[in-house]
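1. Using only what follows, build the 3D model:
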Amino acid sequence: MPLTSAEFLRQFTLTNELVDRFLDPDAPNWAEFDPELGYMHRSNFMKDGVDGSYTISRFSGTGERRLLNFADMPCRINTYGDSFTECNQVSDGETWQEYLAAHLGEPIRNFGVGGYGVYQAYLRMVREESKATSADNVILNIWSDDHVRSIYKWRWLHIGKNWRSVVRKGLPGRDVSMFHVNPWAHVRLSVENGQFEERPNPYRTPSSLYQLCDEDHVVDSFRNDFEVQALFATNGVTDVNIRVLRDVAGTLDIPGDFTTPEATSLTASELLENCALRSTFFVLKKAQEFATSEGRQLMILLSYSSDQVTNAIRGDTRFDQELVRFLKDNKIAYVDSLQKHVEDYASFGCSPQEYVDRYYIGHYNPRGNHFFAFAIKDEIVDWLEPKPPAYYSGPSPTLDALANTLT
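-> Numbering: from 1, shown residues only. Down below sits the predicted model:
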């Protein structure tokens with residue numbers, strides 16, 4: 001039965017028990033509270049890996065995933081992004097950073113956080129690059145869905161119902177709660193001037209999360225946001241605020257069709273995707289300016305879901321062609337792994353589905369991370385100066401540091 005906007009949002013109200021567990025430092029949780037970015041990772045042992053295996057994810061006191069290869073050497077590459085950067089569903093030594101580090105002969109830090117959008121990963125980069133663990137070379141890895149996450153105030157409203165109750169098997173009696181998508185800092189399109197504006201996390205204290213257990217508060221606080229109205233439109237909510245969608249359409253100069261619920265749904269999806277991609281352009285300009293001001297090199301890696309790889313193999317038009325064009329036009333170094341997959345598939349004699357099953361278990365499996373590491377390897381080597389020890393071609397501080405560990 002169709003729902004009103006209030007009825008729809010009341011389904012997403014949190015419970016006191018869920019918030020209690022999330023805030024409990026002794027409970028087996030996948031994440032812990034962060035006042036700016038909503039949450040950060042905790043170390044975990046849980047059954048979510050390839051062939052039904054357990055995975056071991058450990059994080060250092062400085063926040064990055066545990067370094068293994070060449071951890072005793074100076075690090076000059078830091079990586080940021082979502083779970084395809086963090087490398088969810090594999091153990092510490094099976095991340096693409098560790099595969100690549102083992103090959104290059106120098107460490108690579110992994111500051112990825114599952115669920116982050118482009119903006120949240122950028123904020124994490126700004127935070128970490130002000131610390132002693134900063135690096136001369138920073139990589140921002142953007143995955144398929146990251147664009148839209150940047151404009152979500154509360155991603156919890158937008159994820160599938162089954163995901164919201166996920167508990168994964170851990171140690172005996174220590175099953176892991178996956179709750180993590182509490183509100184965070186985000187960007188918002190201004191319909192007055194057409195510019196994106198940075199917005200802080202509206203729930204910056206642990207106690208403030210209990211407001212999300214109040215149905216009336218949830219309805220009043222989120223029902224008028226553009227991305228929520230788009231959600232209403234695509235879910236058949238009966239009282240969509242067409243004015244909100246029409247204002248965004250006018251700001252983005254996109255002709256919208258609001259004549260029927262079906263047309264409104266299609267328009268809302270188009271507006272959301274377009275707004276999300278433009279927000280990424282805004283964030284990338286900020287990242288480029290930040291890197292330049294701090295004397296860092298910036299590289300963008302483009303990662304994709306198994307469905308998008310399958311579509312590309314079949315020759316479908318990619319949804320983010322404007323992003324590729326933006327990177328080229330703004331002379332931002334990048335690696336397009338979608339094209340790398342298409343080229344790799346040409347070496348196989350299997351179906352597109354059989355191909356992606358080799359590499360994905362939702363996220364990349366260990367074989368997928370190995371593929372990704374070597375898909376980006378040549379561009380990384382060309383980008384680095386001086387060259388990494390494995391590609392030594394003259395005096396190199398990294399090679400000197402490695403030599404010192406061998407004596």
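2. Quick check: the gap between Asp51 and Gly362.
-> When distances are taken as Cβ to Cβ, to the nearest Å, Asp51 and Gly362 turn out to be 14 Å apart. Glycine gets a C-beta too; all of them are placed from N, C-alpha and C.
3. So which of the two has more stuff around it?
-> With neighbours defined as other Cβ atoms under 10 Å, Asp51 and Gly362 compare such that Gly362 has more, 11 against 6.
4. My guess is that one contacts Gln89. True?
-> Yes - proximity of Gly362 to Gln89 meets the contact threshold set by Cβ atoms under 8 Å, at 6.2 Å.
5. Skip the chain neighbours and tell me the closest residue to the residue nearest the centre of the chain.
-> Within the chain, one residue has its C-alpha closest to the average C-alpha position: by Cα atoms, centre = their mean, that is Asp82, at 2.7 Å. Setting aside the residues directly before and after it, Asp82 is nearest to Tyr116 in space (Cβ to Cβ, 6 or more residues apart in numbering), at 4.6 Å.
6. where does that neighbour fall, phi/psi-wise?
-> Note on Tyr116: backbone dihedrals following degrees, to the nearest 10 are phi -70, psi 150.
7. likewise Ile254?
-> Here is the backbone geometry of Ile254 (degrees, to the nearest 10): phi -120, psi 120.
8. how about the helices of the stretch 251-400 of the chain, start to end?
-> Taking DSSP state H, counting those that start in this stretch as the criterion, the stretch 251-400 of the chain contains helices spanning 261-293, 306-313, 321-329, 337-345, 352-359, 366-383, 397-406.
9. would TSV of those with distance to Gly160 be doable?
-> Rendered in TSV, the data for the helices of the stretch 251-400 of the chain read as follows (distance: least, Cβ to Cβ, whole Å):
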stretch	distance to Gly160
helix 261-293	16
helix 306-313	15
helix 321-329	25
helix 337-345	24
helix 352-359	20
helix 366-383	22
helix 397-406	44
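10. Ok, which of those comes nearest Phe111?
-> The closest of the helices of the stretch 251-400 of the chain to Phe111 is helix 261-293. By Cβ to Cβ, the value is 13.7 Å.
11. okay, now the closest residue to Glu294 other than its chain neighbours: neighbour count?
-> Residue nearest to Glu294 in three dimensions, not counting chain neighbours: Glu129, with 6.2 Å by Cβ to Cβ, 6+ apart. Per other Cβ under 10 Å, the neighbour tally for Glu129 reads 18.
12. residues contacting Glu129?
-> Contacts were defined as Cβ atoms under 8 Å, 6 or more residues apart in numbering; by that measure Glu129 touches Asn78, Ala135, Val138, Phe290, Glu294, Arg296.
13. Please indicate which of those are buried?
-> A residue is treated as buried here by neighbour count (16 or more other Cβ atoms under 10 Å); on that basis the buried members of the contacts of Glu129 are Asn78, Ala135, Val138, Phe290, Arg296.
14. Closest one to Glu198 out of those residues, please.
-> Phe290 (12.9 Å).
15. Is the closest residue to that closest one other than its chain neighbours within a helix or a strand, and which one?
-> Distances taken as Cβ to Cβ, 6+ apart place Val126 nearest to Phe290, at 6.1 Å, with adjacent residues excluded. Val126 belongs to helix 118-128 when assigned by DSSP states H and E.
16. Tell me which other helices or strands the helix or strand that that helix is followed by touches.
-> Once the chain leaves helix 118-128, the next helix or strand it forms, by DSSP H and E, is strand 137-142. Packed against strand 137-142, as judged by 3 or more Cβ pairs under 8 Å, 6 or more residues apart in numbering; DSSP states H and E, are the following elements: strand 77-81, helix 118-128, helix 261-293, strand 297-302.
17. Pull strand 137-142 out as CSV, backbone CA atoms only.
-> Extracted in CSV, the C-alpha atoms of strand 137-142 (Å, rounded to 0.1, in the frame of the first residue of the first chain):
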residue,chain,number,x,y,z
ASN,A,137,51.5,11.4,-2.8
VAL,A,138,47.7,11.1,-2.1
ILE,A,139,45.3,8.8,-3.9
LEU,A,140,41.5,9.3,-3.9
ASN,A,141,39.7,6.1,-5.0
ILE,A,142,36.1,6.7,-6.3
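18. Neighbouring strands - and their directions - for it?
-> Each strand that strand 137-142 pairs with, and the sense of that pairing, follows from DSSP bridges: strand 77-81 (parallel), strand 297-302 (parallel).
19. Which one, of those, ends up nearest to Glu227?
-> Comparing the strands paired with strand 137-142 against Glu227 with Cβ to Cβ, the closest turns out to be strand 77-81 (20.9 Å).
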